[in-house]
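K.L.:
With the input below, show me the fold.
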Amino acid sequence: MEAKERRMGILQRLQQSGEPLPASKLAAEFSVSRQIIVGDVALLRVGGEEIIATPRGYVLAGGDKGLKKTLACSHSPEDMERELSLIVDSGCTVEDVIVEHPVYGQLTGRLSISSRYDIRQFMERVQANEAKPLSDLTNGIHLHTLTCPDEAHYRMALEALRQGGFLVDETI
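P.N.:
Okay, the predicted model is just below:
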């Protein structure tokens, strides 16, 4: 298979997939190395495809349907799992985490967390890599972009975060 055909195949798999596709899985499907897939995705992006790398794999942008809201939260690293659980238990997806860095400006980490399973996988990666959350850079203060099915689900998430002591302010 030629490189151009493989890239079109990757794009087709992303369009058909209902979940993020890890580079290692795509590499196995196309019988190439993970590095080749990463390069192919970079070339697809240069060609105008909006492919997002999430902690669970690649997804096409624009697949998020629903109400998008941004809210400000604050907590210690130990409370990260509890905060994420309150959001997904309300039926919303945590799209990202955003912090304001004094030197680099806005830093965004793509999360795409929509279930307890996603949270468990995320927390396992954090622990396995001894990674610190982005909010460590801002003493726990950070933003999340949420995608919720509707206003009622968003209000449930907002109230759960408020009761949990995580909410810094109303929506931005």
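K.L.:
use CA for all of it now, contacts and neighbours both
P.N.:
Will do.
K.L.:
And the one residue sitting closest to the centre of the chain, its phi and psi?
P.N.:
What sits nearest the mean C-alpha location of the chain, by Cα atoms, centre = their mean, is L111, with 1.8 Å. Main-chain dihedrals, L111, degrees, to the nearest 10: phi -110, psi -50.
K.L.:
quick one: it and V103, what's the gap?
P.N.:
Taking Cα to Cα, to the nearest Å as the measure, L111 falls 23 Å from V103.
K.L.:
Please tell me I have it right and the residue nearest to the centre of the chain contacts G57.
P.N.:
No. Under the criterion of Cα atoms under 8 Å, L111 is not in contact with G57, lying 10.3 Å apart.
K.L.:
ranges for the helices of the protein?
P.N.:
In order along the chain, the chain carries the following helices (DSSP state H): 3-16, 23-30, 34-46, 80-89, 116-128, 151-163.
K.L.:
now the fifth one: how far from the chain's centre is it?
P.N.:
What separates the centre of helix 116-128 from the centre of its chain is 12 Å, taken as Cα atoms, centre = their mean, to the nearest Å.
K.L.:
now for that helix, which elements pack on it?
P.N.:
helix 80-89 (3 or more Cα pairs under 8 Å, 6 or more residues apart in numbering; DSSP states H and E).
K.L.:
now the helix it packs on and helix 116-128, what's the angle there?
P.N.:
160 degrees (axes from the mean of the first three to the mean of the last three Cα atoms, to 10 degrees).
K.L.:
Could you pull up the contacting residues of the closest residue to Q15 other than its chain neighbours?
P.N.:
Spatially, and ignoring its direct neighbours in sequence, Q15 is nearest to L60 (6.9 Å; Cα to Cα, 6 or more residues apart in numbering). By Cα atoms under 8 Å, 6 or more residues apart in numbering, L60 lies in contact with L14, Q15, E49, E50, I51, I52.
K.L.:
Likewise for L137?
P.N.:
Counting by Cα under 8 Å, 6+ apart, L137 touches V99, H101.
K.L.:
Just give the number of residues close to D136.
P.N.:
By other Cα atoms under 10 Å, the residues close to D136 number 14.
K.L.:
Below-threshold pLDDT in the protein: ranges please.
P.N.:
1, 62-65, 169-172 (pLDDT under 70).
K.L.:
90 instead, please
P.N.:
1, 3, 14-20, 46-57, 59-67, 101-102, 110, 112, 149, 168-172 (pLDDT under 90).
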